[in-house]
Every structure is written in structure tokens, then in C-alpha cells.
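Engineer: Build me a structure from this.
(chains A and B)
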There are 2 protein chains.
Amino acid sequence: MVGEFMKRDDFDTWSIAELEAVEAALDTWVPVDAPAGLGEAMRYAVLDGGKRLRPLLVLAAAKAVHGSREAALRAACAVELIHAYSLVHDDLPCMDNDVLRRGKPTVHVQFGVAQAMLAGDAMQALAFEVLTPSAEAVAPALQATLCGLLARAAGGAGMAGGQAIDLASIGLPLDEQGLSDMHRRKTGALLQASVLMGAACGATTPTAWQALSRYGEAIGLAFQVVDDILDVTQASETLGKTAGKDLDNNKPTYVSVLGLEPARRRADELRRAARAALAASGLPDVQSLHVLADRVVDREN
Amino acid sequence: MVGEFMKRDDFDTWSIAELEAVEAALDTWVPVDAPAGLGEAMRYAVLDGGKRLRPLLVLAAAKAVHGSREAALRAACAVELIHAYSLVHDDLPCMDNDVLRRGKPTVHVQFGVAQAMLAGDAMQALAFEVLTPSAEAVAPALQATLCGLLARAAGGAGMAGGQAIDLASIGLPLDEQGLSDMHRRKTGALLQASVLMGAACGATTPTAWQALSRYGEAIGLAFQVVDDILDVTQASETLGKTAGKDLDNNKPTYVSVLGLEPARRRADELRRAARAALAASGLPDVQSLHVLADRVVDREN
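Structural biologist: Next up is the predicted model:
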């Protein structure tokens, strides 16, 4: 069975089981007992919500390299914690001032602005707590590798840096290269890190590592292109967040820069680049990564 | 030469050299090139300011165990980055809404609220970037240990949790135990982690590790008791931040709970506990830690 012919049913069976494992792990690792309502806010922010694309990318990449299960599950939860914290902070009044997320009131609407900021801060720390269990659970050298990949994807050269560009670019003209640079950091870095953290859980050749890195880069960018398309083509109810917001905020998007049809073509090019990278990886078990690339491009929310 | 008789001159020579090393390392590791002004905000928040107590604790503990120099310097900068990020977020309008810090406008006054929040977020990530260099620079198992200690001190059970209690306790009566629990997390956890991260850079016996842990706990609490004393006894110019703020905000403090003189006696008890722990550690080279305990209790800002 090669990737292109994997039955969707096989992927669905795999992903349903994996999503259950991720939910159970997050339920265990995101503490109820953080004091003064902080744990409650953290759990509200990360449990029972989201597509869990990043955890699935981690677990699919780990499957492709026959990686350590415990390490991969921890990496999956850690990237989701970073993603979820970034949404909490991004929704705050000083940033996007959004009140709806995944169909629910945002964390600061529910718990107050200060608690939301602290919950995000604690979730970032928790990601690194989850990555550093006992040496028996995950080999210390792998813990260090995972922490390093995640920190660099989350920090100033990655996600936080992309958000700073986003903040500075409202109402300013950005060309496609400027837009790509922003999204490569803001969304792409963590999606690519998800793939590489999964890959780090097993043994890879340099060829496979580079190929998975290219795969992660392509789907990272595709994700954002599709996000921008959905922002103008879908209703808020389908998205579970406020649609048309980027346009209203006068933010540059792939649609505003390229136009709708060219943006769709760009998403398809990136899908092909992702497929080509998987084919070049030399890894036999990349079916789930293959389907995930399709899911990124073909999703409707 | 034992700790109690260490000449202050020796300590000053040591600490001046170490502080220079920390400043140079932070200058190298806090990037100018984080995009859209983010790097500038990060550097403003962490360079050229602060007493650098936490880095000195890391380096003094590392000296006591003859720890790896590269690891200790990275750990020193990482704890300072976490400390500095917490100040940036703590000063925001949704938290303490403070405009003055270390005698300068706070980060959000200088760069805007959104950029300040992002700079804090990126500084937390950067702390873990600094702790995960190449395997040649710091042994991977030590990287993992340092990341684990720092994440737990910064997160929901540590600093962020303490801030959540702080937030929830404004105007509420807290007894000394409640106050201690808050500060053990809010300030104490990171001070104690500083000592233990330094200790992790070398070889320790379980006895020495436990003793340094008790030392760290005692000075962590002493630090906050003295902070509360200084808040009512010192002018804003001496503190470099707004004095009398806790009282104005109706926040419980050691002074409001215990009274001024009992708070001073409590600080002295904690100094003695710190000294006793050093004596029990069995480590010969604890002079710097000894003087640092005095500095924590006797400081005037």
C-alpha cells in the first residue's frame, strides 16, 4: 500500500484512535489543580476543541519513522499546548480582540483578560514540562531535541516573530514574499516543527529528515493559504470563528494579495510539493502524512 | 576559607566578573533580528537592568559543585529571561498596570501592549532555546534536566500559578500560610530553580541536592518578605519602581499580615535557615551562596 492509494477509511480509523489518545493525554497532563482557577482556564483553552492537526502531524511523522510512542504522544500534546496558548493570547483585546473561538466564548471572555494571559503563559511552560518526564519515560537526549525544536518554532524567529510581523503589517501593503515570510513564522514554523518532532522520535536518514522538513514547510504554508481562502468563502458558523475578519481588519492575506483563484492554485501547488517531498523521503509508511496534506488543502473549516 | 568569613571583596570581584559574563551572554543570545521590532522590545526588557540575583544564584550554585561553565551560563540567562518576561507581563494594564520598572518606562509603555505581550511570550520560548544548544556545547541529558527544572518553576504549579493566586487574592484576607503558598510559587519557585539549575550543572550527592533545595526555598521566601518590607519603607526612587503599590492595591503582604517588625524577624529566620542548609550541604565552596543570602535579606532595593 502506497500513500496515494491509502483508503480514507484506514486513515479515519487511525486518526480517530490517535485523537482519542491525544485527548486522554491532554486530560491527564493539563492539571485541574493549578491554583486560583488557572487550571480551569488552561483546560478550557485546550480540551475538547480544535482539529488537532498538529498532534496528528506529530503522530503521523512518528509512525513513518517507527518512533517512540511515549515521546510522540508527549510531543503531540506539547505542540498542541503551544498552539492553544497562541490562540488564547491572539484573541486578547490587545491583539485580535476576538470573542468567539471554536464556537465558544474565548478564554478572556470566559475568565477575564489577566487570567487568560496567565493561562497562556502557563500553557507554554506546560508544553516543556510535558516534554521533560523521567529519563525512563523518554530518553533525555530526545527530550532535549524536542525542547529545542519546539522552543525555536514558538519563539522570536518562529511563531511569536510571525505574530509581531502580523501586528505591524495591518493596513500595510505586503507582497507575496512578505506574506509568506510572515506565515512561515506565524503558522508554518509550528506545523513544520510538528512533523520534525514526530520524526525525531524515531531513526531517520538525513535524506528523510530533509524531505520531512520540506513536507512540513509546504503544508505549513498551504494551511495559511487555505485559511485565507476560507476566511472569505465560509460563514462564521462553519469556521467556528468570526469570518471575514482579516478583510475587516485590513490585514493582507493570500486572497487580497493574489486573488481567490490564484490562491487556490497556490494551495494545490503546495500540496504537490508536499507529496513530492514524501515520495523523496524514502520512508515506506507515509500514508497518514499523505492524507493529512490533503486534509490541510481540502478542509472546509 | 569558610562561608561566614568570606571577604566581601572576594564576593564583589567574583560577582562583578560574573555579571559582565551574563550581560555579554544575554547581549549575544537575545536576538536583535527578531522581526518587526520584537527583538528590540525583548532586548529592552532584559538587557542593562535588574539586580541579576537569579543568574548569580545559578552561577554560585554551579561554582559550589564545580559545574559546567557553558551550561551554567546558559542556565543563568534562561532564568533571567523567564524572570524578565514575567515582569513584562506583570506590568501590563490587565495585571498591575505599572508604568515604571527599573527606573525606565515599562515595555508596554515603550512598545505598546500587544508587542509587550509578544515580547514576553518570545522571551519564555527563548529561555528554552538558550538551554538547548548543540550536544557539544551542553550534554543533552543536562539540557533536558535544565529544561524540566525551568518549565516546572515557570508554569502553573510555580510562577504562573502564584500570579493567579495573587490576582485572585486582591482585597481578600490571606493568613501567613496562604501568603507563603502564593509566594513560594510566584517568586520562590524560580529562585529555588536557579539554585538547583546551577547545582544540576555539576555532580551532587543527594544530601547536597536536598540542602541546596532548602537553601533555595529559604532565600526564595526571604526575598519576598524583604520585598514587602521595602514596599512600605523605601521611596520609589530607591526601588526603581512604584513604592507603596501593594498597600494601594489592597494586596496582602507579609507586612500587612505580620506587621513590620515581625516581618523583619521572619526575614532573619529565613537567612539562618539558608545558612544552616549550606552548612549541611557538605559542599566546601559555598561562600558566594552565603553572601547572596545576605544580599537578599540586607538589600535596600
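Engineer: near chain B, which residues of the stretch 1-150 of chain A?
Structural biologist: A:31, A:34-39, A:42, A:86, A:89, A:92, A:94-95, A:113-115, A:117-118, A:120-122, A:124-129, A:131-132, A:135, A:140-141, A:143-145, A:147-148, A:150 (C-beta under 8 Å from any C-beta of the partner chain). For the C-beta atoms, the positions are set from N, CA and C on the backbone; glycine is no exception.
Engineer: Look through chain A and tell me its longest helix.
Structural biologist: Longest helix in chain A, counting residues (DSSP state H): helix A:206-233.
Engineer: tell me what it is packed against?
Structural biologist: The contact analysis (3 or more C-beta pairs under 8 Å, 6 or more residues apart in numbering or on different chains; DSSP states H and E) places helix A:206-233 against helix A:53-64, helix A:176-183, helix A:189-200, helix A:245-248, helix A:254-258, helix A:260-280, helix A:287-298.
Engineer: still on that earlier bit, show me which of the residues of the stretch 1-150 of chain A next to chain B are buried.
Structural biologist: Among the residues of the stretch 1-150 of chain A next to chain B, those classed as buried by 16 or more other C-beta atoms under 10 Å in any protein chain shown are A:31, A:34-39, A:42, A:86, A:89, A:92, A:94-95, A:113-115, A:117-118, A:120-122, A:124-129, A:131-132, A:140-141, A:143-145, A:147-148, A:150.
Engineer: Narrow those residues to those in strands?
Structural biologist: Within those, no residue falls in strands by DSSP state E.
Engineer: which ones among the residues you listed are found in helices?
Structural biologist: Per DSSP H, the subset of those in helices is A:38-39, A:42, A:86, A:89, A:113-115, A:117-118, A:120-122, A:124-129, A:140-141, A:143-145, A:147-148, A:150.
Engineer: Tell me if I'm right that residue A:230 and residue A:301 touch.
Structural biologist: Yes - using C-beta atoms under 8 Å, residue A:230 is in contact with residue A:301, at 6.8 Å.
Engineer: which ones are touching the residue most central in space within chain A?
Structural biologist: In chain A, the residue lying closest to the centroid (C-alpha atoms, centre = their mean) is residue A:54, at 4.1 Å. The contact partners of residue A:54, by C-beta atoms under 8 Å, 6 or more residues apart in numbering or on different chains, come to A:76, A:79-80, A:83, A:190-191, A:194.
Engineer: Listing request: residues of the stretch 1-150 of chain A with sub-threshold pLDDT.
Structural biologist: Within the stretch 1-150 of chain A, the stretches with pLDDT under 70 are A:1-7.
Engineer: ditto for the stretch 201-301 of chain A
Structural biologist: In the stretch 201-301 of chain A, residues with pLDDT under 70: A:236-249.
Engineer: at 90 instead, please
Structural biologist: Residue ranges of the stretch 201-301 of chain A with pLDDT under 90: A:234-253, A:284, A:300-301.
Engineer: In JSON lines: the helices and strands packed on helix A:206-233, plus distance to residue B:260.
Structural biologist: Output for the helices and strands packed on helix A:206-233, formatted as JSON lines (distance: least, C-beta to C-beta, whole Å):
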{"stretch": "helix A:53-64", "distance to residue B:260": "52"}
{"stretch": "helix A:176-183", "distance to residue B:260": "53"}
{"stretch": "helix A:189-200", "distance to residue B:260": "50"}
{"stretch": "helix A:245-248", "distance to residue B:260": "53"}
{"stretch": "helix A:254-258", "distance to residue B:260": "62"}
{"stretch": "helix A:260-280", "distance to residue B:260": "65"}
{"stretch": "helix A:287-298", "distance to residue B:260": "62"}
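Engineer: among the contacts of residue A:54, who's most crowded?
Structural biologist: In terms of neighbours by other C-beta atoms under 10 Å in any protein chain shown, the contacts of residue A:54 top out with residue A:194 at 33 neighbours.
Engineer: That one contacts residue A:58, doesn't it?
Structural biologist: Yes - judged on C-beta under 8 Å, residue A:194 makes contact with residue A:58 at a distance of 4.9 Å.
Engineer: Contacts only, for residue A:198.
Structural biologist: So residue A:198 contacts A:57-65, A:67, A:72, A:75-76 (C-beta under 8 Å, 6+ apart).
Engineer: And it, how far from residue A:209?
Structural biologist: 11 Å (C-beta to C-beta, to the nearest Å).
Engineer: hmm, what's the outermost residue in chain A?
Structural biologist: residue A:36 (28.9 Å).
Engineer: backbone phi and psi for it, please?
Structural biologist: phi 60, psi 40 (degrees, to the nearest 10).
Engineer: Can you give me every residue that contacts it?
Structural biologist: Neighbour list for residue A:36: B:161, B:164-165, B:167-169 [criterion: C-beta under 8 Å, 6+ apart].
Engineer: want to throw those into JSON lines with neighbour count and secondary structure?
Structural biologist: Below are those laid out as JSON lines (neighbours: other C-beta atoms under 10 Å in any protein chain shown; DSSP: H, G, I helix; E, B strand; the rest coil):
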{"residue": "B:161", "neighbour count": "28", "secondary structure": "helix"}
{"residue": "B:164", "neighbour count": "28", "secondary structure": "helix"}
{"residue": "B:165", "neighbour count": "21", "secondary structure": "helix"}
{"residue": "B:167", "neighbour count": "20", "secondary structure": "helix"}
{"residue": "B:168", "neighbour count": "16", "secondary structure": "helix"}
{"residue": "B:169", "neighbour count": "17", "secondary structure": "coil"}
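Engineer: filter those down to the ones near chain A?
Structural biologist: Answer for the contacts of residue A:36 near chain A (C-beta under 8 Å from any C-beta): B:161, B:164-165, B:167-169.
Engineer: Now tabulate the residues you listed in CSV and tack on pLDDT.
Structural biologist: Supplementary listing: those in CSV, determined by pLDDT from 0 to 100:
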residue, pLDDT
B:161, 97
B:164, 96
B:165, 94
B:167, 91
B:168, 91
B:169, 87
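Engineer: For these, give me CSV that also has distance to residue A:26.
Structural biologist: Output for the ones next to chain A among the contacts of residue A:36, formatted as CSV (distance: C-beta to C-beta, whole Å):
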residue, distance to residue A:26
B:161, 18
B:164, 20
B:165, 24
B:167, 24
B:168, 24
B:169, 29
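Engineer: quick one: which of the residues you listed is nearest residue B:272?
Structural biologist: Taking C-beta to C-beta as the measure, residue B:165 is the one of these closest to residue B:272, at 27.1 Å.
Engineer: For the stretch 151-300 of chain A, what lies in contact range of chain B?
Structural biologist: By the rule C-beta under 8 Å from any C-beta, the part of the stretch 151-300 of chain A lying against chain B is A:151-152, A:154-158, A:160-165, A:167-169, A:185.
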